[in-house]
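Visitor: coordinates for the following, if possible.
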Amino acid sequence: QVQLVESGGGLVQSGGSLRLSCAASGLTFSTYVAGWFRQAPGMEREFVARISMSGSKPYYADSVKGRFTISRDNAKNTLYLQMNSLKPEDTAVYYCAADRSTAQLMGVRAGYWGQGTQVTVSS
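Guide: Numbering: from 1, shown residues only. Below is the predicted model:
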């Protein structure tokens with residue numbers, strides 16, 4: 001059974017930092033493209049960042065470029081998102097996702113999703 005379990009969310013002041021983790025099990029994680037998405041209340045789920053299977057090719061949404069860093073440790077089956085210089089508009093539930101297809105992942109149609117972790121940034 002495939003599971004993706006996020007952790008590391010919380011409440012932080014504007015300008016602060018958080019590091020999200022996503023522990024994967026039940027799949028050969030190194031053969032999946034992985035990414036982070038977020039969903040604010042009343043909004044659609046949106047892409048935040050993705051990373052290639054090897055971890056060599058990160059890609060970011062313009063809204064987080066230069067502030068967030070995605071990484072992965074395939075030996076630990078874990079995906080990370082380091083979030084710096086957080087803004088109130090970053091407030092959302094953050095989800096990790098994995099798929100063998102980059103297109104599926106980017107279309108918000110990934111095969112596997114975590115349950116989400118809340119990030120709240122106060123002004």
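Visitor: from here on, contacts and neighbour counts on C-alpha atoms
Guide: OK.
Visitor: show the pLDDT at residue 108.
Guide: Residue 108 is assigned a pLDDT of 82 by the prediction.
Visitor: what about the residue most central in space within the chain, distance to residue 25?
Guide: The C-alpha lying nearest the average C-alpha coordinate of the chain belongs to residue 36 (C-alpha atoms, centre = their mean; 2.2 Å). Going from residue 36 to residue 25 by C-alpha to C-alpha, to the nearest Å gives 17 Å.
Visitor: now swap in residue 58 and tell me
Guide: 22 Å.
Visitor: swap in residue 68?
Guide: 24 Å.
Visitor: so those two - more neighbours on which side?
Guide: residue 68 (20 against 15; other C-alpha atoms under 10 Å).
Visitor: correct me if wrong: the more buried one contacts residue 87.
Guide: No - using C-alpha atoms under 8 Å, residue 68 is not in contact with residue 87, being 11.5 Å away.
Visitor: per-residue pLDDT, residue 55?
Guide: So residue 55 comes in at 88 (pLDDT).
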